[in-house]
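Asker: could you work out the structure for the sequence below:
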Amino acid sequence: MKNQVQLITYVDRLSGGGFRELNSLLGEQLAGLFGGAHLLPFFTPIDGADAGFDPIDHTKIDPRLGTWEDVKALSGTIELVADLIVNHVSSSSPQFLDFSQRGAASRYAGMFLTFDRVFPEGARASDLLGIYRPRPTLPFSPATLISGERKMLWTTFNPEQVDIDIRHPQAEAYLDSILRKFQAAGIKMIRLDAVGYAVKKPGTSCFMIPETFDYIAELTAKAHSLGIEVLVEIHSHYLKQIDIARRVDWVYDFALPPLVLHALFSGDARQLARWLSISPRNAVTVLDTHDGIGVIDVGADTAVVAGGKEGLLSPGEIDNLVETVHKRSRGQSRKATGAAASNLDLYQVNCTFLDALGGRETDYLIARALQFFAPGIPQVYYVGLLGGSNDMELLARTGVGRDINRHYYTVAEIEAELRRPLVQKQLELIRLRNTHPAFAGEFQVNAPAESRIELQWKRQEHRANLHVDFSIPRASITCTGLTGEMEHTFIPEAAGRLKDSKAPGLKEI
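Answerer: Numbering: from 1, shown residues only. Next comes the predicted model:
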């Protein structure tokens, strides 16, 4: 995977159309900006119970977006990342409907997990309470099959997403067929969605257990044989994330967004500096995504009894962070978070990153600079790219908390947003991150004072430095260039504009 900034986007919500329109956008208005693009689920259908993460047919593209040939054409111009939804399939899928109608006579009968298949001898309260959950309810949904038979289905996320037994031959064949489709379309990397929940074993947390790591290794070997890299999506304690990173190609740095917010809110850089000194180097970094802003990644290990592993932030600091987001977003994030809306994960705050900062554009550019200087490959979410605000109209229409940060952009909106100074300065940062040779070198972080952090990249004679003072807040970038030193400064009074240094010999990036 190229060491360049990637885009995260839904095909239709950014392009105003399908694959062909997105290809045009990336080749024209956004030409040369991204080394890759993570295309969020584009399978049939894109508008199910979970915005495409519950495909009826994972091997078919929603015809409203285009065809596999369109995907292949796009992969010829930019490296593509696609989701392999490992843990579940739609309750409307052909496989589940066959099982629902024919019961034990269906060849797919063993493909779907039920309570009794995982706990054939029943379960004790401790077995059920020990299951790691992204939400407060147990992972089971009672269902009446078409045949009239009653089953207790294992549904980690919602009743429309039925978990599968990844060791069953039909499940294995199903996932293998998707990998072959991806290879034929030129997909460069797969994101293993919800893979941490894929293996269920009585008496365990059923989350990232040793058997899960074994399965990830097997799936990774299959992907590698097809020339595909693997990105693992796991929300967990930071020490577990570091351990996971040692065993896989790529992991997300989900701790970065809340730590950046904490530093900007509190003026304290120490926790951020501590994390960047130990964070995985094979990370994909984000600020915001199609999901919410996670806080579990900086919290204590809830699976450990008292006296266990502390988090990167204390419970009080996390509470202050969440409440500050609610306050700065004028209460909008509160309407989209937790029990206030339909949410799959209660440990995430739903809000655009700009609105989480109260619309403070200087803070936003500092946050983006910190992401680009952090170790790893940066991904920029399409709403964040355009400096988007909370879509309260979409939230009101759907009642889905995450939709607050999943706006559908029209072509006219895209053109207008790309002209905004905030967006233009963000594009400058993307170009710097993509082209400066120092980012292929060695990384170092220093915290010379409680409120200050310095990030440095150095390769041979090339270097790039980011200095942030969170007490103002203020940040500057200095780096070597073709004509010597260059510097840019983010200053509060500039309302998010990059100000060029007037020192002799300095030039604009």
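
Asker: which stretches of the stretch 351-500 of the chain form strands?
Answerer: Taking DSSP state E, counting those that start in this stretch as the test, the strands found in the stretch 351-500 of the chain are 377-381, 442-449, 452-459, 462-469, 474-481, 484-490, 498-500.

Asker: so how far is the fourth one from its chain's centroid?
Answerer: Distance of strand 462-469 from its chain centroid, counting by CA atoms, centre = their mean, to the nearest Å, is 26 Å.

Asker: out of the strands of the stretch 351-500 of the chain, deepest packed?
Answerer: strand 377-381 (a mean of 25; mean count of other CB atoms under 10 Å). Heads up, the C-betas are built off the backbone N, CA and C, glycines and all.

Asker: helices or strands up against that one?
Answerer: Counting contacts by 3 or more CB pairs under 8 Å, 6 or more residues apart in numbering; DSSP states H and E, strand 377-381 packs against strand 6-9, strand 283-285, helix 361-373, helix 421-435.

Asker: what angle separates it from helix 421-435?
Answerer: Per axes from the mean of the first three to the mean of the last three CA atoms, to 10 degrees, the angle that strand 377-381 makes with helix 421-435 is 160 degrees.

Asker: output the helices and strands packed on strand 377-381 as JSON lines; include the columns distance to Phe96, mean pLDDT and mean neighbour count.
Answerer: Listed next are the helices and strands packed on strand 377-381 as JSON lines, based on distance: least, CB to CB, whole Å; pLDDT from 0 to 100; neighbours: other CB atoms under 10 Å:
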{"stretch": "strand 6-9", "distance to Phe96": "29", "mean pLDDT": "98", "mean neighbour count": "24"}
{"stretch": "strand 283-285", "distance to Phe96": "32", "mean pLDDT": "98", "mean neighbour count": "23"}
{"stretch": "helix 361-373", "distance to Phe96": "39", "mean pLDDT": "97", "mean neighbour count": "24"}
{"stretch": "helix 421-435", "distance to Phe96": "42", "mean pLDDT": "96", "mean neighbour count": "18"}
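
Asker: partner residues bridging Ile190?
Answerer: Beta-bridge pairing of Ile190 under DSSP bridges involves Ala82, Val230.

Asker: and it, how many neighbours does it have?
Answerer: 25 (other CB atoms under 10 Å).

Asker: related to what we said a few turns ago, can you list the strands of the stretch 351-500 of the chain in CSV and add mean pLDDT?
Answerer: Shown next, in CSV, are the strands of the stretch 351-500 of the chain (pLDDT from 0 to 100):
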stretch, mean pLDDT
strand 377-381, 98
strand 442-449, 96
strand 452-459, 97
strand 462-469, 96
strand 474-481, 90
strand 484-490, 54
strand 498-500, 39
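
Asker: need these in JSON lines (columns: distance to Ala221).
Answerer: What follows is the strands of the stretch 351-500 of the chain, written out as JSON lines (distance: least, CB to CB, whole Å):
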{"stretch": "strand 377-381", "distance to Ala221": "22"}
{"stretch": "strand 442-449", "distance to Ala221": "29"}
{"stretch": "strand 452-459", "distance to Ala221": "32"}
{"stretch": "strand 462-469", "distance to Ala221": "36"}
{"stretch": "strand 474-481", "distance to Ala221": "40"}
{"stretch": "strand 484-490", "distance to Ala221": "44"}
{"stretch": "strand 498-500", "distance to Ala221": "45"}
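
Asker: where does the chain have low pLDDT?
Answerer: Counting by pLDDT under 70, the chain contains low-confidence ranges at 302-308, 339-346, 482-509.

Asker: so which residue is dead centre in it?
Answerer: In the chain, the centroid-proximal residue (CA atoms, centre = their mean) is Thr289; its distance is 4.8 Å.

Asker: so which residues of the stretch 101-250 of the chain form helices?
Answerer: All helices of the stretch 101-250 of the chain, identified by DSSP state H, counting those that start in this stretch, fall at 115-118, 125-129, 169-184, 210-225, 238-245.

Asker: who wins for proximity to Gly294 among these?
Answerer: Smallest distance to Gly294 across those (CB to CB): 11.2 Å, for helix 238-245.

Asker: show me what the closest one is packed against.
Answerer: strand 250-253.

Asker: for the next helix or strand after the strand it packs on, give me every contacting residue.
Answerer: As assigned by DSSP states H and E, the chain's next helix or strand after strand 250-253 is helix 256-266. The contact list for helix 256-266 (CB atoms under 8 Å, 6 or more residues apart in numbering) reads 268-269, 271-272, 275, 279, 285-288, 293-295, 297-298, 312-313, 317-318, 320-321, 324-325, 353, 356-357, 363, 366-367, 370-371, 374, 453, 468, 470, 473.

Asker: stretch 277-284 now?
Answerer: Residues contacting stretch 277-284 (CB under 8 Å, 6+ apart): 6, 231, 241-242, 245, 248-253, 255-256, 374-379, 443, 445.

Asker: what residues sit buried inside that stretch?
Answerer: Going by neighbour count (16 or more other CB atoms under 10 Å), the buried part of stretch 277-284 is Ser279, Pro280, Ala283, Val284.

Asker: what of stretch 44-53?
Answerer: Thr44, Pro45, Ile46, Gly48, Ala49, Asp50, Ala51, Gly52, Phe53.

Asker: what of stretch 29-40?
Answerer: Residues of stretch 29-40 classed as buried: Leu30, Leu33, Phe34, Gly35, Gly36, Ala37, His38, Leu39, Leu40 (neighbour count, 16+ other CB under 10 Å).

Asker: is it correct that Glu233 is in contact with Ile190?
Answerer: No: Glu233 is beyond contact range of Ile190, at 10.5 Å (criterion: CB atoms under 8 Å).

Asker: please name the residues that touch the residue nearest to the centre of the chain.
Answerer: Taking CB under 8 Å, 6+ apart as the criterion, Thr289 is in contact with Ile8, Gln379, Tyr381.

Asker: could you do Val322 as well?
Answerer: Neighbour list for Val322: Val295, Val349 [criterion: CB under 8 Å, 6+ apart].

Asker: helix or strand right after the host helix or strand of it?
Answerer: Assigned by DSSP H and E, Val322 falls within helix 315-328. Note on helix 315-328: by DSSP H and E, the next helix or strand toward the C-terminus is helix 332-336.

Asker: touching the helix or strand following that following helix from outside, list them.
Answerer: Per DSSP H and E, the first helix or strand lying C-terminal to helix 332-336 is strand 348-349. Contact with strand 348-349 is made by Asp291, Gly292, Ile293, Gly294, Val295, Ile296, Val322, Val325, His326, Ser333, Thr337, Ala356, as judged by CB under 8 Å, 6+ apart.

Asker: buried subset of those?
Answerer: Buried residues within these, counting neighbours by 16+ other CB under 10 Å: Asp291, Gly292, Ile293, Gly294, Val295, Ile296, Val322, Val325, His326, Ser333, Thr337, Ala356.

Asker: I'm done for today, thanks for sticking with me.
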